[in-house]
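Asks: Here is a sequence together with a model predicted from it:
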Amino acid sequence: MKRLVLLGGGHSHVHVLDALAQRPLASVETLLVSPHPHQVYSGMLPGWLAGHYRLRDCLIHVDALARRAGVAHRRATAIGFDPAAQRVFCSDGAAFDYDVLSIDTGAVLDLGALPGASQHALPVRPIERFIQGCNSLVEHVRARPRTIITFVGGGAAGVELILALRRRLRRHVREGRAVLQLISSSASLLPGHPAGVGRRLEAQLAACGILYYPDRSVAAFLPDGVILHTGEEIESNFNLVATGGAAPPWPKRSGLATDAGGFISVNGFLQSTSHANVFAAGDVASMVDHPRPKSGVYAVRAGPPLADNLLRALAGRPLKRHAPQQRALYLIGTGGHHAIASWGPFSWQGRWVWRWKDRIDRAFIARFSRDTPTEANLLHRSESESP
Ligand SMILES: Cc1cc2nc3c(=O)[nH]c(=O)nc-3n(C[C@H](O)[C@H](O)[C@H](O)COP(=O)(O)OP(=O)(O)OC[C@H]3O[C@@H](n4cnc5c(N)ncnc54)[C@H](O)[C@@H]3O)c2cc1C
């Protein structure tokens, strides 16, 4: 009996679980190690914050998918592995041997190096903690005459989330109680996208009365402010951080080949360039032959070829090369039922873009929800699924 271990229930691994459910493998035991019973679909997180979706509309039930695939789910976090012994170590002290290992644990937002961040800033990842923090933020704003809220990060996530938060506050809090501001280290919003996207989003921020500080990096967080790299201090009572993700430290520490940022180096087969029985996809990986931005689109697209290659590796068959698409479509919500599309050098906006995004996002969730647990069996779920 061979053992396949999947680390993380991310966007690529949900495809792997789906593929295993459709083609169960005889003589292979599969184990998923991931801390949560579900995966919050990040594409719908701003829509949840804005109030368009209930949280349960945005969940992929990873444990239901695993059960359907006959895969045991250990609710734990991987903290490292020993490639020579082919053994993974988990946060709960458990260790598991593998024949083939696949890693889709995403990027991390480590604010440890930024003074004051751990006490005075809420990072967007892990998403589960961010959701709790947003709920308390609304209560915080309600209870005070005035709260200044600062978002750090001028990428798609930061801009979408601040516009969504503004919509949420308008619906639940009296006008004038919250001031929102966005700090971005780049000169324009969403660098890497066509200039029109940044301009359209700047216009949205201005129309919503959100203060925007381009070209500034945060040097430290204080209880009631942020200090910028210029030395300037800006008043702030609540700080949220949506800057680009970093690599988790444990793949490099475990001896895997990584790029300069610590992301796992993989070849065209999504296979580690240093260890042939280790595969990786999504934000945690860096394709050496086809570098692409970290994005859910590429993580999703890597899912089917990753599933195929894992099955091939387990069967000792030749692997198949994956060439990721050149361009990805980004659909960026602006708070209401309106969104901006970015594709290659083009951009569009309108309510129709929102409807398009909504359709794509709901279809993605529906695809993996065929066996979604009912409220009743969620309540009766026991830990007996753990190996
Ligand atoms: C607000 C927001 C909106 C976004 N919108 C879009 C969008 O519209 N389009 C787009 O393309 N991209 C979007 N992104 C980026 C997108 O979320 C990421 O690129 C995508 O999530 C990467 O997928 P992944 O599978 O690599 O990792 P993730 O989706 O982060 O999944 C990783 C999984 O692994 C688990 N895990 C983490 N560490 C461990 C560990 N050590 N051991 C075991 N399990 C672990 C996590 O709990 C999680 O389930 C958005 C990001 C944010 C924050």
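Replies: Nice, I can see it.
Asks: what's the spacing between the residue most central in space within the chain and the ligand?
Replies: Centroid-nearest residue in the chain: Ser42, 5.5 Å away (criterion: Cα atoms, centre = their mean). Distance, Ser42 to the ligand, using Cβ to the nearest ligand atom, to the nearest Å: 3 Å. No exception for glycine: its C-beta is placed from N, CA and C like everyone else's.
Asks: Tell me who's in contact with that residue.
Replies: The neighbourhood of Ser42, defined by Cβ atoms under 8 Å, 6 or more residues apart in numbering, consists of 127, 157, 296.
Asks: just checking: which of those also lie near the ligand?
Replies: 157, 296 (Cβ under 6 Å from any ligand atom).
Asks: Weed out the non-buried ones from the contacts of Ser42.
Replies: Burial by neighbour count, judged by 16 or more other Cβ atoms under 10 Å, picks out 127, 157, 296 from those.
Asks: In helices, which of those residues appear?
Replies: 127, 157, 296 (DSSP state H).
Asks: Adding pLDDT as columns, could you present the residues you listed in a markdown table?
Replies: A markdown table is the format used below for those (pLDDT from 0 to 100):
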| residue | pLDDT |
| --- | --- |
| Ile127 | 94 |
| Ala157 | 95 |
| Gly296 | 92 |
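Asks: ok, those residues vs Ala328, which is closest?
Replies: Of all those, Gly296 has the smallest distance to Ala328: 8.9 Å, by Cβ to Cβ.
Asks: got a markdown table for the contacts of Ser42, with distance to Arg216 too?
Replies: Output for the contacts of Ser42, formatted as a markdown table (distance: Cβ to Cβ, whole Å):
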| residue | distance to Arg216 |
| --- | --- |
| Ile127 | 26 |
| Ala157 | 18 |
| Gly296 | 27 |
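Asks: Can you tell me which of the contacts of Ser42 lies closest to Phe89?
Replies: Nearest member of the contacts of Ser42 to Phe89, counting by Cβ to Cβ, is Ile127, at 24.0 Å.
Asks: Kindly provide the distance from that closest one to Leu228.
Replies: Computed with Cβ to Cβ, to the nearest Å, the distance linking Ile127 and Leu228 is 27 Å.
Asks: where do the helices sit along the protein?
Replies: Counting by DSSP H, the helices of the chain are 11-22, 45-50, 62-68, 117-120, 127-143, 156-172, 195-207, 250-253, 296-315, 351-367, 375-379.
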